[in-house]
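Novice: Below are the sequence and a predicted model for it; my questions follow.
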Amino acid sequence: MSIQVPQELVDQIVDYLAHDPSSLKACSLVSRAWVLRTRPHLFRLCSLCLNSENIIAFRDLLASPMDCTFLPHVRSITARRNPLDSVDHCFNEIVPELQRLTGVHALEMITAISPDVDTDEIFRTGFIASFPRVTRLVLDCYFQGDTPQQPLPLIETICLFPALEELDIKDLSYRIATPGATAVPPQSLRNLLIRAPTTLPVLTWLLASDGLRSVDTLRLPQLISWNVPSMREALRQCQSLCQLDIFYRRNVPNLSMHPNLRSLVLRGLYPGFTHADDIIMFLSQLGTPKLERLTLVTQRAVLSRHWDLGPLDAFLASERFPHLASVTFAADPEDEHSQAHPEDEALLSKLLPLLRASSCVLSVGRLSVSLDTFSV
């Protein structure tokens, strides 16, 4: 006996399983009605890497005379490249066919760089230049052996994406080429995540080009003293800032100019170097009643073992922050030895009784290293 399931219910079931590829594959075998809903989820992310079963197969599939019906469903591409690999040439061989991927709006490129690599070829032409409609770009570069003699044309790379809204530069331990006078930043840039200090020339370029006016989400790396003026100017230009992720510094600029700030991640709070009073002094700059989420990142998951949190509890529970809904003490994701203990949340509730008595959620954990900077 066959069972008729309403299409609306089918859609809800499949959407619920959107992040479970195994279940989606099983759903696609049920019937044609289920296939139509599962395909957009199954083919949303396309990962290309250097092995014969992946990039070569993808190249051959694109060159096949048969119609590739999954191409319209691809929304995001992750490419892992190594120009010295014997099959890396496939990335440029598929360039003529990439125009068929009209729905791609997110691109992540993880690239190995070596002294013999032509960085212009990798970062300005070919594969990376085939996605002008991309709105989200993630770049992650690492070096094999000595660093290349050519500076990386990173700013020219960014200019390849005029529709860019989100830029995440993860790791780039090398010098960046000076851009030409005609380099124009994306006009719709909203999210800027700069994780490596060596990529600060990108920030300098955006500052000089007035490219931060629309940015509402900003993450900056740990800075040394001569980079602080750039940070001050960046914060001054970001008039629409809603989410901020920075390292604590005593001479950080006044944050009172950001009345719409809703989420703040404060890193670099090392026991022995900073104290609860330092945090209170820093947060007292905030002129925003809209703050909803506060994350304090330290080498230890619970700062209470080193600090008296009573004054901080009273400060955060005051009328100054009427919308504060979440306070998290997060371990530094780069510190493997910094982990939460089972009793930490109960201990935190005891040490922050005023916040606990309010509707604020207290938690401890490890800060996520995902693209969403502010998820814990």
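Specialist: Thanks, I have it.
Novice: Can you report phi and psi for Leu193?
Specialist: The phi and psi values for Leu193, taken as degrees, to the nearest 10, are phi -120, psi 110.
Novice: hmm, I was thinking of Val215
Specialist: With angles defined as degrees, to the nearest 10, Val215 sits at phi -70, psi 120.
Novice: which non-adjacent residue is nearest it?
Specialist: Closest residue to Val215 apart from its sequence neighbours, by C-beta to C-beta, 6 or more residues apart in numbering: Cys238 at 4.9 Å. Yep, even glycine has a C-beta here, placed from its N, CA and C like the rest.
Novice: The one you found: neighbour count?
Specialist: Using other C-beta atoms under 10 Å, Cys238 has 20 neighbouring residues.
Novice: go on, the one 3 residues further on?
Specialist: Taking other C-beta under 10 Å as the neighbour definition, Leu241 ends up with a count of 23.
Novice: pLDDT weak spots in the stretch 151-300 of the chain?
Specialist: Counting by pLDDT under 70, the stretch 151-300 of the chain contains low-confidence ranges at 173, 224-226, 251-253, 272, 299-300.
Novice: List the residues that contact the residue nearest to Val215.
Specialist: Each residue near Cys238 by C-beta atoms under 8 Å, 6 or more residues apart in numbering is listed here: Leu212, Arg213, Val215, Asp216, Leu218, His258.
Novice: helix/strand/coil for the first one?
Specialist: It refers to Leu212. With DSSP: H, G, I helix; E, B strand; the rest coil as the basis, Leu212 sits in coil.
Novice: picking that back up, out of the contacts of Cys238, which one sits closest to Pro40?
Specialist: Checking these against Pro40 with C-beta to C-beta, the nearest one is Asp216 at 28.2 Å.
Novice: My read is that that closest one contacts His258, right?
Specialist: No - using C-beta atoms under 8 Å, Asp216 makes no contact with His258, being 10.0 Å away.
Novice: of these two, who's got more company?
Specialist: Taking neighbours as other C-beta under 10 Å, Asp216 and His258 compare with His258 leading, 24 against 18.
Novice: Could you check how far that one is from Leu48?
Specialist: 39 Å (C-beta to C-beta, to the nearest Å).
Novice: Break down the stretch 251-376 of the chain into its helices, ranges please.
Specialist: Secondary structure of the stretch 251-376 of the chain (DSSP state H, counting those that start in this stretch): helices located at 276-283, 310-316, 344-351, 353-357.
Novice: These into CSV, with extra columns for distance to Ser188 and mean neighbour count?
Specialist: Listed next are these as CSV, based on distance: least, C-beta to C-beta, whole Å; neighbours: other C-beta atoms under 10 Å:
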stretch, distance to Ser188, mean neighbour count
helix 276-283, 31, 16
helix 310-316, 35, 18
helix 344-351, 40, 16
helix 353-357, 38, 16
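Novice: can I get these in a markdown table with distance to Arg262?
Specialist: Output for these, formatted as a markdown table (distance: least, C-beta to C-beta, whole Å):
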| stretch | distance to Arg262 |
| --- | --- |
| helix 276-283 | 14 |
| helix 310-316 | 15 |
| helix 344-351 | 22 |
| helix 353-357 | 18 |
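Novice: Where among the ones you listed is average confidence lowest?
Specialist: Note on the helices of the stretch 251-376 of the chain: lowest mean pLDDT is at helix 344-351, with a mean of 79.
Novice: circling back: tell me which two of the contacts of Cys238 sit farthest apart.
Specialist: Maximum pairwise distance among the contacts of Cys238 (C-beta to C-beta): 13.7 Å, between Arg213 and His258.
Novice: picking that back up, out of the helices of the stretch 251-376 of the chain, flag the one nearest Val14.
Specialist: Val14 lies closest to helix 344-351 among these, at 35.4 Å (C-beta to C-beta).
Novice: how distant is the closest one from the center of its chain?
Specialist: Centroid displacement of helix 344-351 relative to its chain, using C-alpha atoms, centre = their mean, to the nearest Å, is 30 Å.
Novice: helices and strands around it, which ones?
Specialist: Judged by 3 or more C-beta pairs under 8 Å, 6 or more residues apart in numbering; DSSP states H and E, helix 344-351 is in contact with strand 361-366.
Novice: For the strand it packs on, output the C-alpha coordinates as PDB.
Specialist: Provided in PDB are the C-alpha atoms of strand 361-366 (Å, rounded to 0.1, in the frame of the first residue of the first chain):
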ATOM      1  CA  VAL A 361      22.400  33.300  29.800                       C
ATOM      2  CA  LEU A 362      25.800  32.500  31.300                       C
ATOM      3  CA  SER A 363      28.000  30.000  29.600                       C
ATOM      4  CA  VAL A 364      31.600  28.700  29.200                       C
ATOM      5  CA  GLY A 365      33.200  27.000  26.300                       C
ATOM      6  CA  ARG A 366      35.600  27.200  23.400                       C
END
